[in-house]
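Enquirer: here's my sequence, what's the structure:
(2 chains)
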Amino acid sequence: MLAEGAAPRALHRNVIRGLQNILGASTVLHRPEDLLLYEYDGSVEKGRPGAVVFPNTTEDVSRVVRLAAQHDIPVIGRGAGTGLSGGALARTGGIMIVFARMNRILELDIENQRAVVQPGAVNYELTHAVEHAGLYFAPDPSSWKSCTIGGNVAENAGGPHTLAYGVTSNHVTTLELVLPDGEICRVGSRHGDSVGYDLAGLFVGSEGTLALVTEITVKLLRKPESVKTLLAIFDRVDDASETVAEITARAITPAACEMLDGWTLRAVEDFIHAGFPMDSAAVLLIELEGLAEVVAGQVAAVEEVCRAHHAREVRVARDEAERELLWKGRKNAFGALGRIAPSNYVLDGVIPRSKIPQALRRIQEIGERYNFKIGNIFHAGDGNLHPIVLFDPRDAGQYQRAIEASAEIIRYCVEIGGALTGEHGVGMEKSELMPLLFSDDDFDLMRRIHDAFNPQSALNPGKIFPLNKGCGEISPRAQAAVRTVLL
Amino acid sequence: MNTTATNVAARLETVIGVAGVNGSSESRAKFAVDGVVPSAVAQPASSAEVVEVVRFAKGEKLALIPCGCRTKLGIGMPPARYDIALDMTGLNQIAYYDPADLTLSVDAGMNLTQLADELGQQQQFVPLAVAFFDECTVGGTIVSNIGSALRPGYGSARDFLLGAEFVNGAGTFTKSGGRVVKNVTGYDLHKLLIGSLGTLGAITRLNFRTFPLPEGYGHLVSTFSSVDSIVRFQAMVSKSPLTPSSFDILGPEAAQTVAEFKDDRDSPLPSWFTRGEWHVCVGFEGAETILRRYSSELAQYAQQCGASNYHLLKESDDKALGGALRELLNLLSWSGPAATIFKINVFPTFPSDVINLRTLAQRFSIPCCMFANSSGPLYFALTPDDLDDQTIGSLAHIASGAFEYAATHNGSASILFCPTSLKRVVNIWGPTRNDAVLMRRVKRAFDPEDVFAPGRFVAGI
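Expert: Numbering: from 1, shown residues only, chains lettered A, B, ... in the order given. Have a look, this model is predicted:
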């Protein structure tokens, strides 16, 4: 097996021929120009596979994995490639299995509120398929219209509405897996409870480093009776962040509580025209769901907290169209920022919610010190920060400073009791930061679990675990990628 | 004290001091598991001492079983080896609590009632409404994964456990997860600890999301003469906008046990229960207007589904009923010399053919009762009067039937509580599972030398 971190190599033509024999020539890409797209995902990382294949069945996946094992070649699973930490990139080359053709919803069990899907099924498509029965799939990352449920499982994806309903692992009950030797097995149970260790709980969020997931059973939730979406407008960022802290402290649990600072919302408004006020310092987008009586009480309580913290205005979306527009503004915000800076770097730290005000002040101070504009669009309700460092990679010094400023922010999150990533995953991007949170003994156990399933690092090598143990920085590879990818 | 016990206790004393070790036969007997008495009881006062005890056991090739207040030590197969009882009740503090963030870090040995009192001062709680509540520890609750009555409203421990610190079988102190409500940093090893029965390590600390105590509580107790009516009622509530905090389905005998529960009251619960009938108890929470809506709609649904009777409970009665429902497993586990309780995970959670299980027990003339929580699992309890060979033989036959019943519903079953003599003839974890080989890999990674509770878990782990 190629050492982690070593340069990728081209695949031997016998391997390509073997893949074509298994899957047919049209579902195997191996020419450099065909592979170019698969060098990237939603992150700033980069890694080119030696071949990309598109299996149709679990057995196809198993045969590809067996072939790879025979030739000592790594295998990387990939959904839609929307991930933000380099999780679906071929860090050391190898065969990339793209699940685009395994995208079917296999079964809808409306009575028991379960769905069985293939890993390439698109997140939104599942919700769309069960809407008629008043059900939906709760995890809703910003990329929900394109990201796949297999990718959600690998990264344990979140989204705005996971504040009330939990991240992907809370909604997965069964997985079908292909292990590095090609063996197919199932873990968990449709019911959710099974006898023995919670293996499904382990595999969700393992970033494709333990097994490839080829079938998923998920829970479906019932749509709430009442939904109210509030837009609270503030003239000071501090007031907005203190509002979030107090909503949490009063134990009001909205379905979602998102914050956009003034600078980023102006960029969004220019692009989306969602109705965000151009002259405000920050807005909170708060969604309350449940029984009509519960929601009415929560709306009143949230409005009271907002006004106590000097909200200039609290608007309640009048209808579904206005609600959808506000959410469109939030979910497309990162795209909008591309209009105002040559490049941006989206971070993904988590902090205790009681510390949001102080964290935002520190982020601003770090931005000023490094001379960057750092925007904030984030899941405030669960303390999941997404500071966005805007910079121009054409400026020789800027990208390095952007990386340093980012690492300082993440270190600060950890210092105040937080974590490295709330929903994007560790991937390639944050593997070098892992020693900030985990000791050698922690790594030792995680490594033993890794080796228990993937002893040769045949699956998704070079992810999660630090390559340069102890340096506590965003990976040098990420730094180089910023230079090369974003120019 | 026998020679082995003296030796183990004496050597342990050199590791964590005299105060942390008890080798007396009376103490050791209290920690017996399925008749196997450990050679010593170690009560570490810190996670560092837990590390020392585990390293000692590993070095001496001795086996440990982590224990809390020992209320659920009967769950599991008899230990293949058992030398040291690792009494975790010395670690019993709240390490960190940020009420404004609704997050908590608590030592595994803390008592659940004590934790509830501490959090209650901030009008918060952890939704672990479990049997043995008054006498069990947080750690024991997690490793046994005993069902919570509040699961329909709050989910299971898997949904609100944020992280854990523990000492694994290699004798190293490790952690997983964190103290924030959203976190995907590293493998979720703490999820593996839930229900692991102490086979992966000794948990020293657990991090939870906390929840606000509701403004008020309510319960509807409704009576049904047929299982089909209950299935209809359950479906109707499930499709409604209502989200009850609890939903307990009680067979006639289970309802009788609840009705006779006294707790610290002078008299049993009022007569909401009709002898010989099935009952459903639906719990709900919130402000007055919300309680009114639940009361009115649930009563309406119950009537539409053919309930012969229903009662809406006042808050004081509600608390008493909640306690009785929560303790049902506890009550049944002590209901006879050979009480045997199955935990059955099937879909639908309350299938209409559930009475087949009852018929099975009746065929062997063994009294039984059943109850379920709408989010699962289904419990099937056998309460024979004797513990003779014939009874054990009958229980073994019924066990085969119960495992088969679960399999025909694409589910699984295990035996939570039963006499040790039944464990000699029945594997309480049911038939061998396809994923057993993966579970063994997990065990080897956590505990390569089989220090923790060997032989007690699934697939001989």
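Enquirer: now A:Leu108, nearest residue through space, not along the chain?
Expert: A:Ala115 (5.3 Å; Cβ to Cβ, 6 or more residues apart in numbering or on different chains). No exception for glycine: its C-beta is placed from N, CA and C like everyone else's.
Enquirer: phi first, then psi, for the one you found.
Expert: phi -130, psi 140 (degrees, to the nearest 10).
Enquirer: beta partners for it?
Expert: Taking DSSP bridges as the rule, A:Ala115 bridges to A:Leu108, A:Val218.
Enquirer: OK, contacts around B:Tyr405?
Expert: B:344, B:346, B:356-357, B:360, B:413 (Cβ atoms under 8 Å, 6 or more residues apart in numbering or on different chains).
Enquirer: just to revisit the earlier point, what sits against the residue nearest to A:Leu108?
Expert: A:105, A:107-109, A:126, A:129-130, A:137, A:217-218, A:220.
Enquirer: please redo it, this time with the cut-off set to 6 Å
Expert: A:108, A:126, A:218, A:220 (Cβ atoms under 6 Å, 6 or more residues apart in numbering or on different chains).
Enquirer: how about the residues of the stretch 251-400 of chain A by chain B?
Expert: By the rule Cβ under 6 Å from any Cβ of the partner chain, the part of the stretch 251-400 of chain A lying against chain B is A:251, A:291, A:293-294, A:350, A:352-354, A:382-384.
Enquirer: make it 10 Å
Expert: Within the stretch 251-400 of chain A, the positions near chain B by Cβ under 10 Å from any Cβ of the partner chain are A:251-253, A:290-294, A:296-297, A:348-356, A:379, A:381-384.
Enquirer: narrow those residues to those in strands?
Expert: A:290, A:349-350, A:384 (DSSP state E).
Enquirer: report the two of these separated the most.
Expert: Farthest pair in those (Cβ to Cβ) is A:Gly290 and A:Gly349. Separation: 29.5 Å.
Enquirer: of all the ones in strands among the residues of the stretch 251-400 of chain A next to chain B, which comes closest to B:Ala338?
Expert: Scanning these for proximity to B:Ala338, where the rule is Cβ to Cβ, the winner is A:Gly290, at 45.8 Å.
Enquirer: might one say that A:Ser431 is in contact with A:Gly86?
Expert: Yes: contact criterion Cβ atoms under 10 Å: A:Ser431 and A:Gly86 qualify, at 8.9 Å.
Enquirer: of those two, which one has the most company?
Expert: The neighbour comparison of A:Ser431 against A:Gly86 (other Cβ atoms under 10 Å in any protein chain shown) goes to A:Gly86, with 30 against 26.
Enquirer: picking that back up, only whichever of the residues of the stretch 251-400 of chain A next to chain B are buried, select them in PyMOL.
Expert: Selection of buried members from those for PyMOL, criterion 16 or more other Cβ atoms under 10 Å in any protein chain shown:
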select buried, chain A and resi 251+252+253+290+291+293+294+296+297+348+349+350+351+352+353+354+355+356+379+381+382+383+384
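Enquirer: does A:Asp213 count as helix, strand or coil?
Expert: No, residue A:213 isn't Asp; it's Val. Of the three states, A:Val213 takes strand according to DSSP: H, G, I helix; E, B strand; the rest coil.
Enquirer: how about the helices in the stretch 251-400 of chain B?
Expert: For the stretch 251-400 of chain B, the helices defined by DSSP state H, counting those that start in this stretch cover B:252-259, B:288-304, B:315-326, B:328-333, B:355-363, B:389-408.
Enquirer: need these in CSV (columns: mean pLDDT).
Expert: Shown next, in CSV, are these (pLDDT from 0 to 100):
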stretch, mean pLDDT
helix B:252-259, 92
helix B:288-304, 97
helix B:315-326, 86
helix B:328-333, 94
helix B:355-363, 95
helix B:389-408, 97
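Enquirer: so for B:Thr137, which of those helices sits nearest?
Expert: helix B:328-333 (14.8 Å).
Enquirer: for the residue nearest the centre of chain A, what are its contacts?
Expert: Closest residue to the average C-alpha location of chain A: A:His424 at 3.2 Å, with Cα atoms, centre = their mean. Contacts were defined as Cβ atoms under 10 Å, 6 or more residues apart in numbering or on different chains; by that measure A:His424 touches A:42-43, A:83-87, A:141, A:155-158, A:346-349, A:384, A:386, A:430, B:184.
Enquirer: and it, that's in a helix?
Expert: No: going by three-state DSSP, the assignment for A:His424 is coil, not a helix.
Enquirer: ramachandran coordinates for it?
Expert: phi -90, psi -20.
Enquirer: any idea of the pLDDT on it?
Expert: pLDDT, A:His424: 93.
Enquirer: check B:Thr3 too.
Expert: 63.
Enquirer: same question for A:Pro342.
Expert: Looking at A:Pro342, its pLDDT reads 81.
Enquirer: ok, it touching A:Ala402?
Expert: No: the pair A:Pro342 and A:Ala402 does not pass the contact test of Cβ under 10 Å, sitting 11.2 Å apart.
Enquirer: what's the closest of the contacts of A:Ala115 to chain B?
Expert: Nearest to chain B, judged by Cβ to the nearest Cβ, of those is A:Leu220 at 11.6 Å.
Enquirer: quick check on the closest one: phi, psi?
Expert: phi -120, psi 140.
Enquirer: ok, what's across the strand from the one residue in the stretch 251-400 of chain B that gets nearest to chain A?
Expert: Closest residue of the stretch 251-400 of chain B to chain A, Cβ to the nearest Cβ: B:Asn345 (4.1 Å). For B:Asn345, the beta-bridge partners under DSSP bridges are B:Ser412.
Enquirer: how many neighbours does it have?
Expert: 22.
Enquirer: quick one: contacts for B:Pro299?
Expert: Rather than Pro, residue B:299 is Ala. B:Ala299 neighbours (Cβ under 10 Å, 6+ apart): B:220, B:222, B:282, B:307, B:310-312.
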